[in-house]
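Colleague: okay, here's the prediction I keep looking at, along with the sequence it came from:
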Amino acid sequence: MGELKECPFCGGKPKLSNRLVVNGSEVKTVYHIYCTKCLAAIAEYDTEFSALAAWNQRSSHEKNN
Ligand SMILES: [Zn+2]
């Protein structure tokens with residue numbers, strides 16, 4: 001698993017979190033990442049990898065602006 005970049009808003013430490021989602025008879029795990037300092041968060045993704053990629057993408061994107 002890759003490395004999480006720091007929060008684009010406050011430079012705080014991000015944390016990977018997951019939870020179970022029940023949809024009828026289907027149960028799945030979704031993943032999201034949030035900042036432990038300012039609580040900025042991304043959407044929920046089906047895999048850790050997708051969540052991490054989304055967080056890092058936003059992180060670098062925001063910084064380049
Ligand atoms: Zn933050």
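Modeller: Sure thing, it's come through. Please read these numbers as outputs of a predicted model, since none were measured by experiment.

Colleague: show me the strands in the chain, by range?
Modeller: Counting by DSSP state E, the chain has strands at residues 14-23, 26-35.

Colleague: which among those is found nearest to E44?
Modeller: Closest to E44 of those, according to C-beta to C-beta: strand 26-35, at 4.1 Å. In short, each C-beta sits where N, CA and C put it, glycine included.

Colleague: got a list of contacts for the closest one?
Modeller: Applying C-beta atoms under 8 Å, 6 or more residues apart in numbering, the set of residues contacting strand 26-35 from outside is 4, 7, 9-10, 12-21, 40-48, 50-52, 54-55.

Colleague: what does this protein put close to the ion?
Modeller: 7, 9-10, 12, 35, 37-38, 40 (C-beta under 5 Å from the ion).

Colleague: mind showing which ranges of this protein have poor pLDDT?
Modeller: 1-2, 60-65 (pLDDT under 70).

Colleague: show me the contacts for the spatially closest residue to H32 that is not a sequence neighbour.
Modeller: Leaving aside its chain neighbours, H32 sits nearest to E44 (4.5 Å; criterion: C-beta to C-beta, 6 or more residues apart in numbering). Shown in contact with E44 (C-beta under 8 Å, 6+ apart): 21, 30-32, 51.

Colleague: from the chain's centroid, how far away is stretch 13-31?
Modeller: What separates the centre of stretch 13-31 from the centre of its chain is 12 Å, taken as C-alpha atoms, centre = their mean, to the nearest Å.

Colleague: the residue most central in space within the chain - nearest residue in space that isn't next to it in sequence?
Modeller: For the chain, the residue nearest the mean C-alpha position is I33 (2.4 Å; C-alpha atoms, centre = their mean). Distances taken as C-beta to C-beta, 6+ apart put W55 closest to I33, at 4.3 Å, once the chain neighbours are dropped.
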